[in-house]
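Engineer: Could you look at this predicted model? Sequence included:
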Amino acid sequence: MLRYWKRRRSNTEGQDGGRARERSGELRAFGLSQREIQAVARLIGHTHHLLAQRSGSDDDTLRSASGAELLSLLYPRIGLVIARGGSGAAMQVAEIRHVEAAILNLESYGGHETVLCEGYTLLARLQELAGEACEAQLVDGVLALPGQAPHISCS
């Protein structure tokens, strides 16, 4: 039986995994370009497909292990960027862990070498962008970067 190991969090994040920091209003995020979003989607899609074929795990485990949760977080942000004319979809620094999980499991299950190379390149880029993260805001319940076009009422 195959098992997935949960990454242990460092003590600096506290018992709640850093969620108290997010609740206090400190949402650190950076913008993803269209090309970077496509790379995330390819990596997660390939990983999910590979794990579904080889692991025999349930859907929740597959979703978590492949990093697919990240895509469901990014979709509303992409829509907000399109609707408001922004320049990049917001991604929280803490969400990089989804990409790390996808790469780790892809490597463990013998994923395609090209996808692994693209995944490691993407991870390096995301870590670079994380160094330039700024405080994000919630707009209508969706994470957004500061400076995006304001909401204009239809009335």
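Structural biologist: That came through fine.
Engineer: can you give me the helices in the chain?
Structural biologist: 19-23, 34-54, 59-66, 69-84, 96-108, 113-130 (DSSP state H).
Engineer: low-confidence ranges in this protein?
Structural biologist: Low-confidence segments of the chain (pLDDT under 70): 1-25, 148-155.
Engineer: ok, Tyr75 - contacts?
Structural biologist: Tyr75 is in contact with no residue at all, counting by CB atoms under 8 Å, 6 or more residues apart in numbering. Where C-beta positions appear, they are placed from N, C-alpha and C, glycine not excepted.
Engineer: Now render the helices of the chain as CSV, adding distance to Ala136.
Structural biologist: Converted to CSV, these look like this (distance: least, CB to CB, whole Å):
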stretch, distance to Ala136
helix 19-23, 10
helix 34-54, 16
helix 59-66, 24
helix 69-84, 10
helix 96-108, 14
helix 113-130, 13
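Engineer: hmm, who's touching stretch 132-146?
Structural biologist: For stretch 132-146, using CB under 8 Å, 6+ apart, the contacting residues are 25-31, 76-77, 79-81, 84, 86, 88, 90, 92-93, 148, 151.
Engineer: likewise stretch 120-127?
Structural biologist: So stretch 120-127 is contacted by Glu36, Ala39, Val40, Leu43, Met91, Ile96, Val99, Glu100, Ile103 (CB under 8 Å, 6+ apart).
Engineer: got the buried residues for it?
Structural biologist: Buried residues in stretch 120-127, counted by 16 or more other CB atoms under 10 Å: Leu122, Leu123, Arg125, Leu126.
Engineer: Need the max-distance pair from these.
Structural biologist: Maximum pairwise distance among the buried residues of stretch 120-127 (CB to CB): 7.3 Å, between Leu123 and Arg125.
Engineer: isn't Leu106 right up against Cys117?
Structural biologist: No. Leu106 is beyond contact range of Cys117, at 10.9 Å (criterion: CB atoms under 8 Å).
Engineer: These two: who's more crowded?
Structural biologist: A direct count of neighbours by other CB atoms under 10 Å for Leu106 and Cys117 places Leu106 higher, at 24 against 10.
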